[in-house]
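Participant: Predicted coordinates and the sequence they were generated for:
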Amino acid sequence: QYIHSEKLTESNVEEKLSSMDGLIIAPGFGQRGVEGKFVALKYAREHDMPTFGICLGMQCMVIEYARDVLGYKDANSTEMDVNTPHNVIDLMESQKCISNMGGTMRLGEYDCILQEGSKAEQAYGKTHIKERHRHRFGDYRSEFEAAGMKCVGENPDTHLVEVVEVPSLTWYIGVQYHPEYNSTVLNPNPLFLSFIKAIIDHKK
């Protein structure tokens, strides 16, 4: 079921999401609908609903967690608010002079090392993967880690964060890259399989 995040509010989120078995926060660009995504993520997190954030979806996971768990009510991405005092998602220096954010994709595959024992590593069945994406993440890693959101995947060369998850929840994972780019009907990305399995197990 498609739910327009622009129409999602604190007052209607339970009506819209309570019957859902899982939630994907999809990729996208810009600020349109992001506040509704924060509402959805807070609901999903507080109700332990299996949730998968992709690219902007992962960034929204990080921002929502910063606002509601770390207590930084004005946390944001510098793409959304250049003046935010808590830029938990930040543009890379090479991106700050680019006005068309759709043009900042890092095409091709990039290495990512997954933390042993993480749900992401269990999904792939290995610690070294290659995925496609663009990238940005702020300097609050230790605070997120201490508060329960773990940075379980990173680029081995730049140490930029690629994957976050909340281990205390059934399945709450965000990825900076695009697993849909290397998925087909017959051979889906392992994270999609893991996500659906978690939903089935959670329903049981």
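Facilitator: Perfect, I can see it now. From a predicted model like this one, the values you see are computed outputs, not experimental measurements.
Participant: mean confidence score for stretch 39-58?
Facilitator: Stretch 39-58 shows an average pLDDT of 96 in the prediction.
Participant: mind listing what's buried in that stretch?
Facilitator: With burial defined by 16 or more other CB atoms under 10 Å, the residues of stretch 39-58 counted as buried are 39-45, 49-58. Placement of C-beta: from N, CA and C, glycine included.
Participant: separation between the residue nearest in space to the middle of the chain and Val88?
Facilitator: Nearest to the mean C-alpha position of the chain, counting by CA atoms, centre = their mean, stands Met58 at 1.5 Å. Met58 is 12 Å from Val88, where distance means CB to CB, to the nearest Å.
Participant: Mind exporting the C-alpha coordinates of stretch 53-63 to PDB?
Facilitator: C-alpha atoms of stretch 53-63 as PDB (Å, rounded to 0.1, in the frame of the first residue of the first chain):
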ATOM      1  CA  GLY A  53      14.800   2.900   5.200                       C
ATOM      2  CA  ILE A  54      16.500   3.400   1.800                       C
ATOM      3  CA  CYS A  55      18.800   6.400   1.000                       C
ATOM      4  CA  LEU A  56      16.600   9.400   2.100                       C
ATOM      5  CA  GLY A  57      14.600   6.900   4.100                       C
ATOM      6  CA  MET A  58      17.800   6.000   6.100                       C
ATOM      7  CA  GLN A  59      18.600   9.700   6.500                       C
ATOM      8  CA  CYS A  60      15.000  10.300   7.900                       C
ATOM      9  CA  MET A  61      15.600   7.400  10.300                       C
ATOM     10  CA  VAL A  62      18.700   9.100  11.600                       C
ATOM     11  CA  ILE A  63      17.000  12.500  11.900                       C
END
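Participant: who touches it?
Facilitator: For stretch 53-63, the external contacting residues (CB atoms under 8 Å, 6 or more residues apart in numbering) are 24-29, 34, 37-38, 41, 51, 75-77, 88-89, 133-134, 136-138, 144, 149, 164, 172-180.
Participant: what residue ranges in this protein are flagged as low confidence?
Facilitator: In the predicted model of the chain, residues 30, 91-108, 133-138 satisfy pLDDT under 70.
Participant: Show me where it has its helices.
Facilitator: Chain-ordered helices for the chain, with DSSP state H as the definition, fall at 13-17, 34-46, 56-68, 119-124, 141-146, 190-203.
Participant: what packs against the shortest one?
Facilitator: This means helix 13-17. Counting contacts by 3 or more CB pairs under 8 Å, 6 or more residues apart in numbering; DSSP states H and E, helix 13-17 packs against helix 34-46.
Participant: helices and strands around the helix it packs on, which ones?
Facilitator: Other helices and strands packing on helix 34-46, by 3+ CB pairs under 8 Å, 6+ apart, are helix 13-17, strand 23-25, strand 51-54, helix 56-68.
Participant: what comes up buried for the second one?
Facilitator: It stands for strand 23-25. For strand 23-25, burial by neighbour count (16+ other CB under 10 Å) applies to Leu23, Ile25.
Participant: ok, that strand: who's next to it in the sheet?
Facilitator: With DSSP bridges as the test, strand 23-25 is paired with strand 51-54 (parallel).
Participant: Of the helices of the chain, flag the one that's most buried.
Facilitator: Among those, ranked by average contacts under mean count of other CB atoms under 10 Å, first place goes to helix 56-68 (a mean of 24).
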